[in-house]
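Asks: Structure of the sequence below:
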Amino acid sequence: MTKNPFDQFSKQYFEEFLSPLGEVRIHYEIPGEPRFVDIWFTPSTHLTTSPQELGILARIAATPCLLEPFRKQPTEREIRSCLGKLIHLEADLHRQANRDEEIIPSAKLPRLWIIAAACSDKLLNKLIASEDETWYQVFTFRQKCF
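Replies: You can find the predicted model right below:
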């Protein structure tokens, strides 16, 4: 899967802690051009552990999500790549729903969580990021052309 020890550790970490809350797919391939999401999580309706035990991780896992952990600050290119994976996955989910003559509510579409130990104000300003008051040190990104 990977030769990067942090990448391997982060995937195993999230798989271990999220699996009681739902389905965890590690190194999931996005259809079309070969791209891989580190972690794609879909919450379950049948929990085997108390969400309070996992704190902020349980809040993140309350909705379908893609998790992209970085051991250092991601570059602009890496962030754009993560956004591209999310957009391609959403497009594929919509295609599947159209084939099944269904509509996917926005709440069922995955959220993207880029998890990093640090992120400079300069990078956040380039991304038009704003701090979300309901989360501790979590930023909401709006798309911007670089």
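Asks: Strands of this structure, start to end?
Replies: 22-30, 35-43, 65-70, 111-116, 129-131, 139-141 (DSSP state E).
Asks: Mind listing residues that contact the third one?
Replies: Right, strand 65-70. Residues external to strand 65-70 that are found in contact with it (CB atoms under 8 Å, 6 or more residues apart in numbering): 6-7, 10-11, 14, 37-41, 60, 74, 78, 82, 85-86, 89, 110-117. Yep, even glycine has a C-beta here, placed from its N, CA and C like the rest.
Asks: 6 Å instead?
Replies: Applying CB atoms under 6 Å, 6 or more residues apart in numbering, the contact partners of strand 65-70 are 10, 14, 37-41, 82, 86, 110-116.
Asks: among the residues you listed, which ones are buried?
Replies: 10, 14, 37-41, 82, 86, 110, 112-115 (16 or more other CB atoms under 10 Å).
Asks: Residue 97: which of the residues you listed is nearest?
Replies: Nearest to residue 97 among the buried ones among the contacts of strand 65-70: residue 110, at 13.5 Å, using CB to CB.
Asks: residue ranges with poor pLDDT in this protein?
Replies: 1-3, 31-34, 47-51, 128-146 (pLDDT under 70).
Asks: just the helices in it please.
Replies: Remark: helices assigned in the chain by DSSP state H are 5-18, 56-60, 76-99, 121-126.
Asks: possible to save the buried ones among the contacts of strand 65-70 as TSV with distance to residue 126?
Replies: Below are these laid out as TSV (distance: CB to CB, whole Å):
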residue	distance to residue 126
10	24
14	27
37	23
38	23
39	25
40	27
41	28
82	15
86	18
110	24
112	17
113	19
114	14
115	19
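Asks: Of all the strands of the chain, which one comes closest to residue 102?
Replies: Smallest distance to residue 102 across those (CB to CB): 16.0 Å, for strand 35-43.
Asks: what packs against that closest one?
Replies: Counting contacts by 3 or more CB pairs under 6 Å, 6 or more residues apart in numbering; DSSP states H and E, strand 35-43 packs against strand 22-30, strand 65-70.
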